[in-house]
Structures are given as structure tokens and as C-alpha cells.
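**Q** sequence first, predicted coordinates after that:
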Number of protein chains: 2
Amino acid sequence: MYIGFSEAETFLRNCKDAVIITHRNPDGDCIGAGFAMKDILEQLGIRSRVVCHDDFPKRYEFLTESGADEDFEPQAIISVDVADTKLMGKYQEIYGDRVQLCIDHHVSNKNYAEKTLLRADASAACEVIYDLAEFMGLTITNHCAMCLYTGIATDSGCFKYACTTPRTHEIVARIMRGYDIDFARINRYMFDVKSVGRVKLESRLNEMLETYLDGKLCIIAVTRDMMSELGVSDDELEGFAPLTIQYENAEVGIFIRQRADDYKCSFRSADSVNVSEICETLGGGGHAKAAGCNVSGNLDDIKKQLVEAVEKAL
Amino acid sequence: MYIGFSEAETFLRNCKDAVIITHRNPDGDCIGAGFAMKDILEQLGIRSRVVCHDDFPKRYEFLTESGADEDFEPQAIISVDVADTKLMGKYQEIYGDRVQLCIDHHVSNKNYAEKTLLRADASAACEVIYDLAEFMGLTITNHCAMCLYTGIATDSGCFKYACTTPRTHEIVARIMRGYDIDFARINRYMFDVKSVGRVKLESRLNEMLETYLDGKLCIIAVTRDMMSELGVSDDELEGFAPLTIQYENAEVGIFIRQRADDYKCSFRSADSVNVSEICETLGGGGHAKAAGCNVSGNLDDIKKQLVEAVEKAL
């Protein structure tokens, strides 16, 4: 059931012992949203812990290191930035069918929770949480503000992408006015700083770019062999998808990375193509300009399948 | 003489036949500021033209193509985003000693004009012009809003850099609420879209990176030979400087590009080093985190000189 801020506030003020679920392959928004929510609950006197199928990448340590978690049997099950229980990984089986409150901004949200606070016009789940905290009249902590800034900045491509709204900028202006956030440093680590291995990988990926459909579709595919050859870890591969639409004629880009038993395909749209719709036909989903799906099989066959799906959409 | 908004308004409302001077190697901010000012003057019934030592890069065509310029002998000499008359190129000799109004945001501004509206806390000259238009009670045109958005976005690294303030975000929120700006498309062309040659060049530059002072200084140098080999034009080399501080240990980065008779050195600071001060010792200037200077001589000697200057500052 979709709910508004008022019902979400009632739920949060009356819950206890909460687990906050983020999505697998965690990014700045789900990590920011998870730890911002933990801070807010703490302010309300409610203990909680943030869980994720995968380890949190090291560069988010400034958000995630907030003391050891207490051991308790959760009474409240909350998810943030999770559009589908499939994205919970191992937590799908444990909590997937009994999520009480989901806070999200994905238009593709499956409405799996008892109550869902969905703002599909928000650039980030963190934007929804900022608005919720403001609605509740809370004065958030500096750490919470830092979580929210990071989530909004990372999900909006530092305010570059079409999902950014005037409200996004207004929220960020308020966060910057009210709190001491070293946002330039955060952005540097989120967007600019790379390991030497990553820069080399990027250079090699750029050399490997494949174009299809008169250059309208660009594909970059990374295999496990390449990763181990270059000594680059899984979480260092986050953020490569935009490379695929950097070319002048590109309309759709797909960044493919091999995992243990399948290929994760991250789609980007340069302009008008809705890649979320394409991904839905392949069992995935997301936003109009950034979406994804996981496909199994032989890499060449997968590419053929992707090219056909994009050709139909163009 | 430094002036406030009120005096700038008086000047603008009473001037006629204006020339608006931008700086050489024009970027999004001076182009945006120049054409925004032209729009504002037109609204006030004053004809003007924007001049620049160099051609405006093709990707700014959506801002610069605003009809043929009328031929008139300028009465009012205005400069925007020009910290020093040296940066005017050929227009220094013609107008350098009789600029009546300078609108700028560079702390290194040489105060060369009769009246200078300087806001060193603004992320961009376009931010100063927005505030001035608001002070004057003008309802700017959509084209003017687009110019201002582009200038602010490009000079702030899409709101990524430390020069971004809460006011920057507030202005952008208002521009986005009030006007129809395809900002995602603008940002895509300003930050993401590259020619295949540029991507290849970037990959080669990354491979060519030189590190000094335990990796705290990173230098990338592009010669004319490399440029012609790769078929990349001068204006496509804009925006490479941030590459030099993408490495984890980098504190200062210098992007060097060879020109007809000297080398243009663009400095970037990753964090606390003030590169404007370093550049001033070398005859240049700029901002604390982004500055530049032009040096003549042999490339190896120049590098030695730069390393020494940075070592002193560290």
C-alpha cells in the first residue's frame, strides 16, 4: 500500500528494534539512506542496524562506521532504495515477505511492502528521507546530513542527470547551509579518485568499446579474467556505465560485468530512449535513463540479445 | 574601484552601444556570462556584442548563435569573468585600459576596470550576473537562464567543487523552477560527450601520467605532435586538468598543453594546497583549487621549474 509522510512518521515513531535493508551492489544512495535512517531512529530512541547482502565499499567508510551493532531480534523490517525484494540478495529469504515499510524513489518499485513511501520524482531515496525528516520536524545530525548529501549527489550524478529537480537543489542548499559537510572532498572520492588499476582499466575499456546500430548503441563488457589481470575488485567497477554513453552518437550504452554465474548489464540512456522499459523485457528494471538486468549464458549470445532489444526500442 | 549591485545597475541602465569582453580560451562561464549580459542589455534596449580573442568552441553554439552583430563603435566597455586584461588577448590593446565595468568572481582580479563588481565567493561570474539581474528586478529570458545555468554548472564542475555554495544551489533551483532548461542535455554535452579522438587521447594521457614528490604531484603534458597525431583540436583539450588529480595520493595536478610559442599550465588542487599562490609566483593566477600560468622554454626545464614550485608549497 502506498502511503504518505504522515503514515510513515506514525510507523517510525511507534516501531522498535528495526532492521534496515539496503540493496545488493550497494551504492551511495542506499548506503546513505540506510545510515541516515539509522540516525533518525536513534534520535527517536529506537535501536536499529543496517544490513546488506554485500560488504559496503571501503570509500563509504565515513558513513558506515558508526559503532558496533547491538544484537537483537528485529521487530520492524524497513527497506530503503530497494525496488524489488530480489535486490536484497540473501535477505530476500529472511525478510522479503514481511517488509513493513519501504522508502524508495524507483518508479519500478514492486510495491512488495506493507506500506511503501514512494516518491518517483525524487532523484534519490535520500531526498525522500530528507523530506520525511523535515515533515517530522526533526533536526537531523551532521552525520545524517552527510549521508543524505552523499546519497543525493551520487544518485543524481552530482546533479548532472535528468532526475535532478529544483527540489534536489533546494534540499542540498539547506543541507549545506545547516551542516558542516566537506562536500568537495566527498565528491572527489565519489566521482574523481581512482586507483591506478582503475584508470588503466578505464583506458582499456575505452579501447574495447563496441558500437552497434550505427553507433547508437555502445557496449563495454568486462570479464572476470580482465578484472583479475588488472587487480581491480568488484566494487571498483561501480560507476563505469556512464562511459558507454560518452560518444557523440550514442543513444543507449550498456556496461556488462561478469559475475560468478551471470552477467550484470547496466543500461544508460543518453537522451530519449527509456532503458527501464528495455530492461523490464529482460527481467530487470530501474529508471528511464539508468536501468539494469542480469542475464545468464554465453557473452556473445547475450550481446546479440541486447542489441535486438535495443533495436526494437530505438 | 569595487562597486556593489546598485552602482552596477546604474551603469548598465545608462550605458549604450556596449562591447562585452570575455577571456581567451573561452569556457562555459565567460561565454555564458557574455551572452547573458548581452540578453540583459537587449532587454534594457541597449545594443551590444560579445567579443573573444578565440573562436567560441562549437559545443557552445546553443548559447552563442543569437543573430548577426550590428556594426557600431562601442561606447561602453564591459568585461565578464576576466581577472586580468592579459587574458583578453588581442582585445587587451584595444580595450584593456578603458574597461568601465568588470563583473567577475576571481579573487585574483587585478582591479583594472573603472568599476569592478567582484563577488569572490561566487562559484561563477554567471552567479554574480544572476544576482545582479535579480537585484535589478529583471525577468530574464529563457536563453539568458540557459547561459547562466551553463556558466554555473561548468565553473563549479557540476556543483562538485569547493567553490559551490548553498547560494549556488539556490540560484540553480530558481533557474530550474522558472525556466525550461534541458540541463541534463547541457551537462551531457559539457561533461560527458567526447569525440572518439578525445577518448583515445584521454586513455593515452592516463598512460603518460608522470608522478613526482611521492605521487603528491601528477603531471600530464600534451604536445602539438600528439594532438595532430590524434586529430584533436585545441578546444577539445578543455577539461583535461581534473584528470591530473584523480589519483588517490595526488595533492596537486598540472595539465600542460603546448601552444604556438609557449606552454599553458593548468593547475588543480585536490584538497588544501592553494595553487593560485603557486601560479602567481609563475606569472599566472586563478582560484585556490584551480589556477593557471603560461610558461615558455623547453618542456623538461618547465617541468623541473613546476616541480620545485609545488615542492615549496607542499
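**A** Perfect, I can see it now. Residues are numbered from 1 along each chain as shown, chains lettered A, B, ... in the order given.
**Q** report the secondary structure state of the closest residue to chain B within the stretch 1-150 of chain A.
**A** Closest residue of the stretch 1-150 of chain A to chain B, C-beta to the nearest C-beta: residue A:59 (10.1 Å). Backbone N, C-alpha and C define where each C-beta goes, glycine included. Following DSSP: H, G, I helix; E, B strand; the rest coil, the label given to residue A:59 is helix.
**Q** need the contact list for it.
**A** Contact partners of residue A:59, counting by C-beta atoms under 8 Å, 6 or more residues apart in numbering or on different chains, are A:189, A:190, A:193.
**Q** so which of those residues also contact chain B?
**A** Subset of the contacts of residue A:59 in contact with chain B: residue A:193, counting by C-beta under 8 Å from any C-beta of the partner chain.
**Q** among the contacts of residue A:59, name the buried ones.
**A** By neighbour count, with 16 or more other C-beta atoms under 10 Å in any protein chain shown, these hold A:190, A:193 as buried.
**Q** which among the contacts of residue A:59 gets closest to residue B:117?
**A** If you rank the contacts of residue A:59 by distance to residue B:117 using C-beta to C-beta, residue A:190 comes first, at 34.3 Å.
**Q** which one is residue A:37 nearest to, not counting chain neighbours?
**A** Closest residue to residue A:37 apart from its sequence neighbours, by C-beta to C-beta, 6 or more residues apart in numbering or on different chains: residue A:20 at 5.2 Å.
**Q** the one you found should be in a helix, yeah?
**A** No: Residue A:20 is assigned strand when assessed by three-state DSSP, not a helix.
**Q** and the residue sitting furthest away from the middle of chain A, which helix or strand is it part of?
**A** Going by C-alpha atoms, centre = their mean, the residue of chain A most distant from its centre is residue A:214, 30.7 Å out. Using DSSP states H and E, residue A:214 sits within no helix or strand.
**Q** next: the one 4 residues further on.
**A** Using DSSP H and E, residue A:218 sits in strand A:217-222.
**Q** need the strands for chain A, in chain order.
**A** For chain A, the strands defined by DSSP state E cover A:18-21, A:48-51, A:76-80, A:101-104, A:115-118, A:210-212, A:217-222, A:252-258, A:263-269, A:285-286, A:290-295.
**Q** any chance of JSON lines for these, columns mean neighbour count and mean pLDDT?
**A** Converted to JSON lines, those look like this (neighbours: other C-beta atoms under 10 Å in any protein chain shown; pLDDT from 0 to 100):
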{"stretch": "strand A:18-21", "mean neighbour count": "24", "mean pLDDT": "98"}
{"stretch": "strand A:48-51", "mean neighbour count": "22", "mean pLDDT": "96"}
{"stretch": "strand A:76-80", "mean neighbour count": "26", "mean pLDDT": "98"}
{"stretch": "strand A:101-104", "mean neighbour count": "26", "mean pLDDT": "98"}
{"stretch": "strand A:115-118", "mean neighbour count": "20", "mean pLDDT": "98"}
{"stretch": "strand A:210-212", "mean neighbour count": "15", "mean pLDDT": "92"}
{"stretch": "strand A:217-222", "mean neighbour count": "22", "mean pLDDT": "94"}
{"stretch": "strand A:252-258", "mean neighbour count": "24", "mean pLDDT": "95"}
{"stretch": "strand A:263-269", "mean neighbour count": "24", "mean pLDDT": "95"}
{"stretch": "strand A:285-286", "mean neighbour count": "22", "mean pLDDT": "90"}
{"stretch": "strand A:290-295", "mean neighbour count": "20", "mean pLDDT": "94"}
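**Q** apart from its chain neighbours, what residue comes closest to the closest residue to chain B within the stretch 201-314 of chain A?
**A** With C-beta to the nearest C-beta, the shortest gap between the stretch 201-314 of chain A and chain B falls at residue A:203, namely 3.8 Å. Of all residues beyond its chain neighbours, the one nearest residue A:203 is residue B:203 (3.8 Å), with distances taken as C-beta to C-beta, 6+ apart.
**Q** what residues are up against that neighbour?
**A** A:202, A:203, A:204, A:206, A:207.
**Q** any stretches of chain A with poor pLDDT?
**A** Within chain A, the stretches with pLDDT under 70 are A:67-68, A:196-197.
**Q** now the helices for it?
**A** For chain A, the helices defined by DSSP state H cover A:5-14, A:28-43, A:61-64, A:91-95, A:125-135, A:142-155, A:166-178, A:183-187, A:196-208, A:224-230, A:275-281, A:299-313.
**Q** could you list the buried residues of the fourth one?
**A** Neighbour-count burial for helix A:91-95, with 16+ other C-beta under 10 Å as criterion, is recorded at A:91, A:92, A:95.
**Q** touching that helix from outside, list them.
**A** Here helix A:91-95 has contacts from A:19, A:21, A:51, A:52, A:53, A:74, A:77, A:79, A:85, A:86, A:88, using C-beta under 8 Å, 6+ apart.
**Q** which residues sit in contact with the fifth one?
**A** Which is residue A:53. Neighbour list for residue A:53: A:23, A:24, A:88, A:89, A:90, A:91 [criterion: C-beta under 8 Å, 6+ apart].
**Q** any of these buried? List them.
**A** Burial by neighbour count, judged by 16+ other C-beta under 10 Å, picks out A:23, A:24, A:88, A:89, A:91 from these.
**Q** what's the most distant pair in those?
**A** Comparing every pair within the buried ones among the contacts of residue A:53 by C-beta to C-beta identifies A:23 and A:91 as the most remote, at 9.5 Å.
**Q** what is the neighbour count of the closest residue to residue A:186 other than its chain neighbours?
**A** Distances taken as C-beta to C-beta, 6+ apart put residue A:150 closest to residue A:186, at 5.7 Å, once the chain neighbours are dropped. Other residues within reach of residue A:150, judged by other C-beta atoms under 10 Å in any protein chain shown, total 29.
**Q** and for residue A:215?
**A** If you count neighbours by other C-beta under 10 Å, residue A:215 ends up with 13.
**Q** thank you, goodbye.
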